[in-house]
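**Student:** the following comprises the amino acid sequence and a computationally predicted model.
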Amino acid sequence: MRMTLLTAALVACLASSTASAALMPDSYSMLNGNTGSYNYWDQTYTGSGCVTCNNASLTGGKGDLTDGIIAPDNWFVTEAPAGNGPYVGWTLDPTITFHWNTTVTINAVTFYLDDANGAGGVSAPAGVIVDGNLFTIAEPAGSAPFAFAANGFSFTGNDLVVTLNRKNQWVFLSEVGFNATAVPEPETYALMVGGLGALAMIRRRRKTT
């Protein structure tokens, strides 16, 4: 009974420390969006930098891209009237660095993008680069906002760098999601090793009795 309980505890510990889940970053850094018909800035950003300045450097915070709000319609609907809308829009190829305070393994990244079929110079991007891996984006059917999942890679670390490659003048992004596995901390490994040692001792005692 004792060994069964200990085994179960070890399994639960291992499972909780390595379970795959949607894991939001602790912060992200990038250049702020641009101004066009409206202001496509990351005005909810919580870190350092000017949130109402075109292409200002934003660091150490979070905002529109990780607030859980996915734009339900094209930019000219959800961004009007002028104010803080769900999209961040750029007239450059934005590079975004997502940071976690603990080491994670990322298996997939989902980008929630606008595809206005060229209206206002806004189209789906040609592709995205995730941790140096290029993922080409095929032209979506219709003109509705869409989600693109970049998968088939494995990144382990604290800082994941992504770049959006424009196809047109503008690229619009409302949210980014991650499929990630947290890497066990050293103390978790120590607990598992200690537990396995305890199991071995119990087995030896049973053999000698």
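**Tutor:** Sure thing, it's come through.

**Student:** look at the nearest residue in space to residue 139 that is not next to it in sequence and tell me its secondary structure.
**Tutor:** Nearest residue to residue 139 in three dimensions, chain neighbours excluded: residue 124, at 6.5 Å (CB to CB, 6 or more residues apart in numbering). Backbone N, C-alpha and C define where each C-beta goes, glycine included. Of the three states, residue 124 takes coil under DSSP: H, G, I helix; E, B strand; the rest coil.

**Student:** show me how far stretch 56-66 is from its chain's centre.
**Tutor:** Distance, stretch centre to chain centre, for stretch 56-66: 13 Å (CA atoms, centre = their mean, to the nearest Å).

**Student:** pretty sure residue 120 sits in a strand.
**Tutor:** No. Residue state for residue 120 (three-state DSSP) corresponds to helix; a strand is not indicated.

**Student:** if you skip the residues just before and after it, what's nearest to it?
**Tutor:** Nearest to residue 120 is residue 76, by CB to CB, 6+ apart, at 6.2 Å.

**Student:** tell me the helix or strand right after the helix or strand harbouring that neighbour.
**Tutor:** Here residue 76 sits within helix 75-78, counting by DSSP states H and E. Using DSSP H and E, the helix or strand that directly follows helix 75-78 along the chain is strand 88-90.

**Student:** and the nearest residue to residue 27 once chain neighbours are set aside, how close does it get to residue 174?
**Tutor:** Using CB to CB, 6+ apart and skipping the chain neighbours, the partner closest in space to residue 27 is residue 99 (4.8 Å). Counting by CB to CB, to the nearest Å, the gap from residue 99 to residue 174 is 20 Å.

**Student:** who has more neighbours out of those two?
**Tutor:** The residue with more neighbours, out of residue 99 and residue 174, is residue 174; 24 against 16, by other CB atoms under 10 Å.
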